[in-house]
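A.B. asks: Kindly generate the corresponding structure for this input.
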Amino acid sequence: MAEPSGDRRPPGGPARNDRPVYRAAGEPEDDAPLDFGAYDPPPGPHYRNGLGTAALVVGVLGLVTSWTVLGGLILGVTAIVLGILGRARVRRTVASNRGSAITGIVTGAVSVALALLIVGLLIRGFATPRGQALVTCVQQANGDGTAVNRCLDAYRSAGNG
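C.D. replies: Purely as a prediction, here's the structure:
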C-alpha cells in the first residue's frame, strides 16, 4: 500500500492544500517527468494557407504598382486568381484564411481598376490636339534629350495659356 511521503509537493509543482503526496511503491522521489508511453497527442489540422496569403501580398503589390499600369494589371489579375483559388481551398476546409483570400481579391480588383483608369486618362490626354502635338514633337526629337525637354516645356506652356 502507498504511504505518504514527507514531501508535500507534487512532482514538478508547488504544494496543494498541504496534503501529502502519495506515491506508489517503488516510484522515484524525484521530480522526473512521467512517461505515458508512445502515445502522441492527435495532430492538429494542417491548413494550406499559401494561396490566400499570396493573393493578399500580390494584391497589395498590385496596388502599389498600379501607377505603372502593367504592374497593376498583371499583379492585380494574379491576385484575383490566387484569391479565388484560396477561397476554394477554404470552402473545401483545406485552408483557414478566408479573410486573406477575400482581401487579395479586393486589392487585386482595385489595382486593376486603377490601372485601367490610368490607361483611360492617358488615352484621353493624348487624344487631344495638344497631346497629339506632344507625340509628334517627341517622335521628331529622335531620342535627343534636349529636344524632348523642349517638347515637354511647349506642352506645359500650351496648357497654361
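A.B. asks: mind showing which ranges of the chain have poor pLDDT?
C.D. replies: Counting by pLDDT under 70, the chain has low-confidence residues at 1-44, 160-161.
A.B. asks: Residue 146 and residue 140: what is the separation?
C.D. replies: According to C-beta to C-beta, to the nearest Å, residue 146 and residue 140 sit 13 Å apart. Heads up, the C-betas are built off the backbone N, CA and C, glycines and all.
A.B. asks: The two: which is more packed in?
C.D. replies: Set residue 146 next to residue 140 and count neighbours by other C-beta atoms under 10 Å: residue 140 wins out with 11 against 8.
A.B. asks: Excluding sequence neighbours, find me the nearest residue to the more buried one.
C.D. replies: Distances taken as C-beta to C-beta, 6 or more residues apart in numbering place residue 147 nearest to residue 140, at 7.6 Å, with adjacent residues excluded.
A.B. asks: quick one: what helix or strand has the one you found in it?
C.D. replies: According to DSSP states H and E, residue 147 maps onto helix 145-160.
A.B. asks: which residues are contacting that helix?
C.D. replies: 130, 133-134, 137-138, 140-141 (C-beta atoms under 8 Å, 6 or more residues apart in numbering).
A.B. asks: May I see those arranged in JSON lines, with secondary structure and distance to residue 94 as well?
C.D. replies: What follows is the contacts of helix 145-160, written out as JSON lines (DSSP: H, G, I helix; E, B strand; the rest coil; distance: C-beta to C-beta, whole Å):
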{"residue": "130", "secondary structure": "helix", "distance to residue 94": "56"}
{"residue": "133", "secondary structure": "helix", "distance to residue 94": "58"}
{"residue": "134", "secondary structure": "helix", "distance to residue 94": "53"}
{"residue": "137", "secondary structure": "helix", "distance to residue 94": "57"}
{"residue": "138", "secondary structure": "helix", "distance to residue 94": "53"}
{"residue": "140", "secondary structure": "helix", "distance to residue 94": "59"}
{"residue": "141", "secondary structure": "helix", "distance to residue 94": "57"}
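A.B. asks: Can you say which of these are buried?
C.D. replies: 134, 137-138 (16 or more other C-beta atoms under 10 Å).
A.B. asks: ok, the nearest residue to residue 134 once chain neighbours are set aside - how many residues close by?
C.D. replies: Leaving out its chain neighbours, the residue that sits closest to residue 134 by C-beta to C-beta, 6+ apart is residue 155, at 4.4 Å. Residue 155: 16 surrounding residues under other C-beta under 10 Å.
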